[in-house]
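>>> task: produce atomic coordinates for the following.
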Amino acid sequence: MPIEPLPSAYQPPDPRTADGDVVAVGADMTPGTVLKAYRSGLFPMYLEDGDLGWWSPVERAVLPLDGLHISRSLRKATRRFQVSVDADFEAVIRGCAEPLRSGSWISDDFVETYIQLHRLGWAHSVEVWDMDGELAGGLYGVGIGGLFAGESMFHNVRDASKVALVHLVVVMNEGAGRLIDVQWKTPHLESLGAVIIGRDAYLDKLAWALEGPDPFEKAHEVDSL
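Purely as a prediction, here's the structure:
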């Protein structure tokens, strides 16, 4: 069972009252604050001016558990890799944070916070390994009840991050997960089935998802496609 971190004095505002994607600015990156924010429908990301922003996108995107698009080439790709769950969380988040990776935004304090959340049982990773045992890609995010809030993914080998997402959906479905949050709909995620449901609909689903069972309790027993 996940362990609750030290409580946070931060009180996240109601995202429904916000005008834009950024709901609040400030607070801290302690595990207690970050976990409380996810439970309120927010996630952290620094703003361009360096301030810590708490985001709840108006056009919130999710990946429906019955809506994953698996092309013929992707199905073939799943046979070229081995997949694990929570086998090397730190390697995955550091792969996502690699400074040379296009669009990388994950700072050292983010890495440290999510590693702490992983040790407490709240953050999870899916690792994809090539046949030589080298890490080819993966993804990580925060799991609370039946919610998985995806944070980032990376690949060193073509299709490895997509294979990680396929396995995540398998884990969620096999473990009675309820909601995969992908924050924004990018062309890459849209090609895999991500859709926009909007902030209000997301917040309605969030309350239901948080009450669901934790699919990662049995994740290590799930085989990939």
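>>> which residue packs closest to the residue nearest the centre of the chain, ignoring adjacent ones?
Central residue of the chain (CA atoms, centre = their mean): G150, 1.4 Å from the mean position. Once flanking residues are discounted, G150 sits nearest to G141: 4.1 Å by CB to CB, 6 or more residues apart in numbering. C-beta here means a position set from N, CA and C on the backbone, and glycine is covered the same way.
>>> wait, that neighbour sits on A123?
Yes: using CB atoms under 8 Å, G141 is in contact with A123, at 7.0 Å.
>>> if we can go back for a sec, bridge partners for the residue nearest to G150, pull those for me.
Beta-bridge partners for G141, by DSSP bridges, are H124, G150.
>>> that one: neighbour count?
24 (other CB atoms under 10 Å).
>>> do the same with L65
So L65, with other CB under 10 Å, has 19 neighbours.
>>> again with I180
25.
>>> E4 now?
Neighbour tally, E4, other CB under 10 Å: 12.
>>> gap between it and I115?
Distance, E4 to I115, by CB to CB, to the nearest Å: 17 Å.
>>> can you tell me the average pLDDT over stretch 165-173?
In this model, stretch 165-173 carries a mean pLDDT of 97.
>>> try stretch 33-53
The model assigns stretch 33-53 a mean pLDDT of 96.
>>> would you indicate which residues of it are buried?
Going by neighbour count (16 or more other CB atoms under 10 Å), the buried part of stretch 33-53 is 33-45, 52-53.
>>> now, which of those residues sits nearest I197?
Proximity of those to I197 (CB to CB) peaks at G41, which lies at 12.3 Å.
>>> quick check: phi and psi at that closest one.
Note on G41: its backbone torsions stand at phi 90, psi 10 [degrees, to the nearest 10].
>>> helix, strand or coil for the nearest residue to A123 once chain neighbours are set aside?
Distances taken as CB to CB, 6+ apart put L117 closest to A123, at 3.9 Å, once the chain neighbours are dropped. When classified by DSSP: H, G, I helix; E, B strand; the rest coil, L117 comes out as helix.
>>> list the contacts of L117.
Residues near L117 by CB atoms under 8 Å, 6 or more residues apart in numbering: 5, 31, 34-35, 123, 142.
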